[in-house]
Structure formats: structure tokens, C-alpha cells
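Colleague: Kindly return the folded structure for what I paste below:
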Amino acid sequence: VRLVASGGGLVEPGGSLRLSCATSGLSYYMAWFRQAPGKQREGVAQIKRRNGETFLADSVKDRFTISQDIRKNSVYLQMSNLKPEDTGMYYCAGSPGAGFGNLRPERYEFWGRGTQVTVSS
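Modeller: Below is the predicted model of the structure:
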């Protein structure tokens with residue numbers, strides 16, 4: 001499975017960005033992770049392909065939304081009210097069996113190269 005993330009960039013605090021992940025085929029569970037320099041990779045959002053059910057980490061709840069377009073084999077992360085602590089490399093990932101609400105990186109088999117998000121004034 002091939003995954004290609006895009007849409008990152010530099011944005012001011014309070015701004016918005018929409019990340020896209022184009023895939024060669026959606027896994028049963030698709031998720032977005034991020035990693036800041038010197039920190040561990042952190043899961044932020046997951047979506048279940050079958051019914052579109054979503055799970056968001058507490059750190060991004062009410063600010064981020066994950067969605068999918070099954071016809072386009074794509075997953076999106078809409079980020080709003082961005083904060084400097086949201087800065088990092090964002091990755092999309094897929095898993096056939098991670099389980100709903102599971103955002104542990106080791107549970108995801110397929111990874112794309114990341115896209116950098118920088119929140120700074």
C-alpha cells in the first residue's frame with residue numbers, strides 16, 4: 001500500500017490547514033500521526049473505512065477533523081485553531097486490524113512520508 005501525504009506548510013497560530021493522504025488503497029483503519037523534533041510519534045486521529053466512524057486524541061479534539069473519500073482512496077485531516085504545539089511532521093498510516101481508537105504507531109503497518117506543519121508567528 002502506497003500513501004502520499006501533502007498539504008503541510010507554515011501557518012500562524014489560530015490558522016487552518018487541510019492535509020491530504022492519497023493511497024493506493026484504504027486500509028480498514030486509517031490514521032494521522034505527528035512527530036515533533038525530539039518527541040515520540042503521537043497519534044491524533046483515526047477513521048474506520050467501513051462506516052466513517054472517527055476517533056480523535058484529546059489534544060486535538062474540537063480542533064481537528066478526519067474524513068475520507070473512498071472513491072478517491074484518500075483521507076484528510078482538517079486542522080483549525082492551530083497552536084505552536086501542533087508543529088511537527090504529519091504522517092498518514094493504515095492498518096487492517098489496529099482496532100477502533102487505537103493510535104499506537106506500532107499497530108499500523110503502512111506509512112507514507114510525512115508532510116511538515118509549522119505553526120508560528
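Colleague: how close does the residue nearest the centre of the chain get to M89?
Modeller: What sits nearest the mean C-alpha location of the chain, by Cα atoms, centre = their mean, is W32, with 2.1 Å. Note on W32: its distance to M89, by Cβ to Cβ, to the nearest Å, is 11 Å. In this view, the C-beta of every residue, glycine as well, is placed from N, C-alpha and C.
Colleague: the strands in this protein, which residues?
Modeller: 3-6, 9-11, 17-23, 29-35, 42-48, 54-56, 64-69, 74-79, 88-95, 110-111, 115-119 (DSSP state E).
Colleague: In a markdown table: those, plus distance to L103 and mean pLDDT.
Modeller: Putting the strands of the chain into a markdown table (distance: least, Cβ to Cβ, whole Å; pLDDT from 0 to 100) gives the following:
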| stretch | distance to L103 | mean pLDDT |
| --- | --- | --- |
| strand 3-6 | 16 | 96 |
| strand 9-11 | 23 | 98 |
| strand 17-23 | 15 | 97 |
| strand 29-35 | 6 | 98 |
| strand 42-48 | 2 | 98 |
| strand 54-56 | 7 | 98 |
| strand 64-69 | 11 | 98 |
| strand 74-79 | 13 | 98 |
| strand 88-95 | 10 | 98 |
| strand 110-111 | 14 | 96 |
| strand 115-119 | 17 | 98 |
